[in-house]
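**Q** need coordinates for the below:
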Amino acid sequence: QVQLVESGGGLVQAGGSLRLSCAASGLTFSSYIMGWFRQAPGKDREFVAAIAQRGNIYYRDSVKGRFIISRDNAKNTVYLQMNSLKPEDTAVYFCAAGTGGVVTIPAAYNYWGQGTQVTVSS
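**A** Model (predicted):
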């Protein structure tokens, strides 16, 4: 079965960096758009970044210039390098795999990981 396993979350001070990883199995990784979403307590899940099969990249405006998404198809892994972190980046971060559609909405994704907590202290 398909599994997406995130890692790399933790507690960091504002201005710091974290690198999230998402290892995928049970699917043809290179055929999927890979996305990162986040959800803070009491808020809806929101799009963070996505990288398409051919490498097209998308970011939400608030993370442009700070976050970098990348993928390694040989390792079936997608990464999210997060720099200059802010307290408002605090959330559970989820990776997701989809085959098409509007990459900024959760409904476009077929599979989800369990999430990893990112906490940014001020």
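**Q** how deep is residue 53 tucked in, by neighbour count?
**A** Counted with other Cβ atoms under 10 Å, the neighbours of residue 53 add up to 15. In short, each C-beta sits where N, CA and C put it, glycine included.
**Q** pretty sure it is in a strand, no?
**A** No. Remark: residue 53 does not belong to a strand; assigned using DSSP: H, G, I helix; E, B strand; the rest coil, it is coil.
**Q** how much space separates it from residue 99?
**A** Here the criterion is Cβ to Cβ, to the nearest Å. By it, residue 53 lies 9 Å from residue 99.
**Q** and the spatially most central residue of the chain, helix, strand or coil?
**A** Centroid check for the chain by Cα atoms, centre = their mean gives residue 36 as the closest residue, at 2.2 Å. Secondary structure, three-state DSSP: residue 36 is strand.
**Q** residue 16 contacts residue 85, doesn't it?
**A** Yes. With contact defined as Cβ atoms under 8 Å, residue 16 reaches residue 85; the gap is 5.4 Å.
**Q** and these two? Which one has more around it.
**A** Just comparing residue 16 and residue 85: by other Cβ under 10 Å the higher neighbour count belongs to residue 85, 22 against 14.
**Q** does residue 23 count as helix, strand or coil?
**A** Secondary structure state of residue 23, per three-state DSSP, is strand.
**Q** so what's it up against?
**A** With contacts taken as Cβ atoms under 8 Å, 6 or more residues apart in numbering, residue 23 has the following neighbours: 4-5, 7, 75-77.
**Q** sorry, back to before: what touches both of residue 16 and residue 85?
**A** Taking Cβ under 8 Å, 6+ apart as the contact definition, residue 16 and residue 85 share the neighbouring residues residue 120.
**Q** my guess is residue 48 contacts residue 36. True?
**A** Yes. Contact status for residue 48 versus residue 36: in contact at 4.3 Å, counting by Cβ under 8 Å.
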